[in-house]
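Participant: show me how the following folds:
(one chain, ligands or ions: 1)
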Amino acid sequence: MTQSENQQNALTHDVIIVGGGPAGLCAAMYCGRGMLDGLLIERGLPGGELLNTDLIEDYIGFESILGRDLAEKMTSHAKKFGANIVTDTVESIERREDGDFDVTTQLGKVYRAPAVIVTAGGTPTKLGVPGEKEYAGKGVSYCAVCDGAFFKAETIAVVGGGDAAVEEADYLTRYAEKVYLIHRRDQLRASPILQQRALENPKIEMVWNKVVEVIHGDDHGVNQLRLRDTNTGGQSTLSVTGCFIFIGFIPNSGVIKGHFEHDAQGYIITDDHMMTSIPGLFAAGDLRVQLTRQITTAVGDATTAAIAVEKYLTVRKEQAVASSP
Ligand SMILES: Cc1cc2nc3c(=O)[nH]c(=O)nc-3n(C[C@H](O)[C@H](O)[C@H](O)COP(=O)(O)OP(=O)(O)OC[C@H]3O[C@@H](n4cnc5c(N)ncnc54)[C@H](O)[C@@H]3O)c2cc1C
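Facilitator: Prediction:
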């Protein structure tokens, strides 16, 4: 079928949720309870970053739970309240002239709805070195708040030189005995106040002009990093049990067509109903501008977004009735 035939045959719903991580599943659960005809489109298995997380100890109500177990619980909870989940990759979300949205997928489907909640998360930038994938969740981490407490009194490394790396290195010293901050240059990019705090912290030792080449470990997890000097090419090693990587995070907001307000890193700006600058388009979770990115914040955003969608649809229906002849 051609694109225009697909559009003519568009499948209509009250709301379409893009992404099936904690935010998307929570939004689907609330939309179901609100008796909305919702459709959740997820490109992989539902669960999002929970599926890349080993142990979670900070989701209130669960003192300790495996990421995949929480993902399963969230998925079955959403389905219990009628979540309709399809496996497909969203390629574009576009607002039509009549105010509805066309959501086009890789399988060539066009889904249409007056409201869309984008919960597509984001992707931490990887170092792309041997050992990174192998030891993810076994010493390699991209989240200090999530994993810092597993490194009490240990020696760990943080990689990066921007605000996130420097702030998180400082944060991690509340648990770790020592934190090496590894940066490829001889000065940090982070804001002066964060730099000052880190440089004055006796538990932080700067490792200038170095990049991580290999992350080594054994059955217990990470135990050593192999470094390369960016000036001399010389190699060295660092004994650590953790390697926190903060070299960037890319929000998955590129599927939205047309202009929407975002910050310099591409995170979506919303109002306090989680509505973006495009009327009817809501955003929740990790791809939204916010102070911290956690499971609790993702589901909190999603709760607000789903309830705001209900109200948005009611007002839209009332306006349609009022303006009909
Ligand atoms: C390694 C790691 C450990 C963490 N540990 C913790 C922890 O212990 N505690 C805690 O509170 N937080 C933790 N976090 C953070 C937490 O996982 C995130 O804040 C949370 O998952 C955000 O939920 P989300 O739904 O916004 O996004 P995500 O979980 O990223 O879900 C987004 C979903 O959207 C899907 N998607 C993206 N693009 C498309 C598309 N075009 N079409 C269809 N589907 C799409 C993705 O496949 C994904 O399933 C951790 C994060 C990482 C990376």
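Participant: any idea how far the lengthiest helix in the chain is from the chain center?
Facilitator: Longest helix in the chain by number of residues, with DSSP state H as the criterion: helix 295-323. Relative to its chain's centre, helix 295-323 lies at 22 Å (Cα atoms, centre = their mean, to the nearest Å).
Participant: packing partners for it?
Facilitator: For helix 295-323, the elements it packs on are strand 15-18, helix 22-33, strand 115-118, strand 281-283, judged by 3 or more Cβ pairs under 8 Å, 6 or more residues apart in numbering; DSSP states H and E. Backbone N, C-alpha and C define where each C-beta goes, glycine included.
Participant: pull out the buried positions in it.
Facilitator: Buried positions in helix 295-323, judged by neighbour count with 16 or more other Cβ atoms under 10 Å: 295, 297-310, 312-313, 316.
Participant: nearest to the ligand, out of the helices and strands packed on helix 295-323?
Facilitator: Checking the helices and strands packed on helix 295-323 against the ligand by Cβ to the nearest ligand atom gives helix 22-33 as the closest, at 3.4 Å.
Participant: what does the chain have sitting close to the ligand?
Facilitator: 18-24, 41-44, 48-50, 52-53, 56, 58-59, 89-90, 119-121, 124, 141-143, 146, 252, 255, 285-286, 293-296, 298 (Cβ under 6 Å from any ligand atom).
Participant: just checking, which of the residues you listed belong to strands?
Facilitator: Those of the residues of the chain next to the ligand mapping onto strands are 18, 41-42, 56, 90, 124, 141, per DSSP state E.
Participant: if any of those are buried, put those into a ChimeraX selection.
Facilitator: Applying 16+ other Cβ under 10 Å to these leaves a buried subset, and the ChimeraX line that selects it is:
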select :18,41,42,56,90,124,141
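Participant: could you dump the ones in strands among the residues of the chain next to the ligand into TSV with distance to Ile182 and pLDDT added?
Facilitator: Formatted as TSV, these follow (distance: Cβ to Cβ, whole Å; pLDDT from 0 to 100):
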residue	distance to Ile182	pLDDT
Val18	36	98
Ile41	39	98
Glu42	35	97
Ile56	27	88
Val90	36	98
Pro124	16	89
Ser141	14	94
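Participant: and which of the ones in strands among the residues of the chain next to the ligand is nearest to Ile269?
Facilitator: Using Cβ to Cβ, Val18 comes nearest to Ile269 of those, at 17.5 Å.
Participant: wait, isn't that closest one in contact with Ile41?
Facilitator: Yes - Val18 is within contact range of Ile41, at 5.7 Å (criterion: Cβ atoms under 8 Å).
Participant: overlap in contacts of these two?
Facilitator: The contact sets of Val18 and Ile41 overlap at 90, 103 (Cβ atoms under 8 Å, 6 or more residues apart in numbering).
Participant: quick one: low-confidence ranges for the protein?
Facilitator: Scanning the chain for pLDDT under 70 picks out 1-10.
Participant: can you tell me the closest non-neighbouring residue to Gly248?
Facilitator: Residue nearest to Gly248 in three dimensions, not counting chain neighbours: Thr125, with 3.6 Å by Cβ to Cβ, 6 or more residues apart in numbering.
Participant: how much space separates that neighbour from Phe249?
Facilitator: Distance, Thr125 to Phe249, by Cβ to Cβ, to the nearest Å: 7 Å.
Participant: in the stretch 201-325 of the chain, what residue is nearest the ligand?
Facilitator: Gly285 (2.1 Å).
Participant: got a list of what that residue touches?
Facilitator: Neighbouring residues of Gly285 by Cβ under 8 Å, 6+ apart: 19, 21-24, 119, 121, 293, 297-298, 301-302.
Participant: ok, now Asn252?
Facilitator: Per Cβ under 8 Å, 6+ apart, neighbours of Asn252: 19, 120-123, 287.
Participant: from those, which would you call buried?
Facilitator: Buried members of these, counted by 16+ other Cβ under 10 Å: 19, 120-122, 287.
Participant: burial count for Gln196?
Facilitator: 12 (other Cβ atoms under 10 Å).
Participant: same thing with Pro130?
Facilitator: Neighbours of Pro130 (other Cβ under 10 Å): 14.
Participant: which stretch of helix or strand covers the closest residue in space to it that isn't next to it in sequence?
Facilitator: The shortest distance from Pro130 to any non-neighbouring residue, by Cβ to Cβ, 6+ apart, is to Val214 (4.9 Å). According to DSSP states H and E, Val214 maps onto strand 210-218.
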